[in-house]
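1. What follows is a predicted protein model with its sequence.
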Amino acid sequence: MTYHIRVRVGALIIEKGEILLTEFNDPYRGIFYDFPAGGAEPHESLIEAVKREAREEANIDVEVGPLAFVYEYAPHLNENKYGQTHTLVMLFDCTLKSGSNPKLPDKPDPNQTAVKWVPLTELEHLELYANIGKQINDYASKKRNIDLLEEHKLLDQTLTSKLTETF
């Protein structure tokens, strides 16, 4: 079965006024930057996908926090500038686990050339996968999040509430 929208997830990691980005040298776009991000795979939750993509693209382990952004790329509304795949990207506010040091993985994605800490002040001047540098800077200065409701956790919360009411 195929779907008309691809679901991507990413790790938004901001520390000490810098953001962790992956660098790519694409034959069509040239140098551009992205977050450790990629498509969710079958039988994988969004949180699992964020953790996997962070390991695959930046060689790190992360704690996945709340949802920071939802970004939609609709090719028909953007003259197909990034291709023809309709994409929904969910960026999660993440922190590095202790001992994780970002670096280019042994087997990077095609065209991936680096993993870099970039000052937030430079973000709006970089070519990003999604042109959201201003929004990232706004987010860094006044964080606000979106709740991700995971069905499998809702049942646990309901059971815990009922047990608490019983006692």
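-> Now that the structure is in, tell me what you want to look at. These figures come from a predicted structure and were not determined experimentally. Residues are numbered from 1 along each chain as shown.
2. show me where the chain has helices.
-> Counting by DSSP state H, the segments of the chain that form helices are 46-58, 133-141, 151-166.
3. show me what contacts Leu104?
-> For Leu104, the contact set (CB atoms under 8 Å, 6 or more residues apart in numbering) comprises Asn59, Gln112, Thr113, Ala114, Val115. Heads up, the C-betas are built off the backbone N, CA and C, glycines and all.
4. Quick check, the last one in contact with Glu56.
-> When you say that, I think you mean Val115. No - using CB atoms under 8 Å, Val115 makes no contact with Glu56, being 11.2 Å away.
5. Neighbour count: those two, which is higher?
-> Shown here are Val115 and Glu56; by other CB atoms under 10 Å, Val115 has more neighbours (20 against 17).
6. Please name the residues that touch that one.
-> Leu20, Leu21, Thr22, Glu23, Pro36, Glu57, Ala58, Asn59, Pro102, Lys103, Leu104.
7. For Leu148, see how far away it is.
-> Per CB to CB, to the nearest Å, Val115 is found 25 Å from Leu148.
8. Specify the beta-bridge partners of the nearest residue to Leu126 once chain neighbours are set aside.
-> Nearest residue to Leu126, sequence neighbours excluded (CB to CB, 6 or more residues apart in numbering): Tyr33, at 5.2 Å. Assessed by DSSP bridges, Tyr33 has beta-bridge partners Glu23, Leu128.
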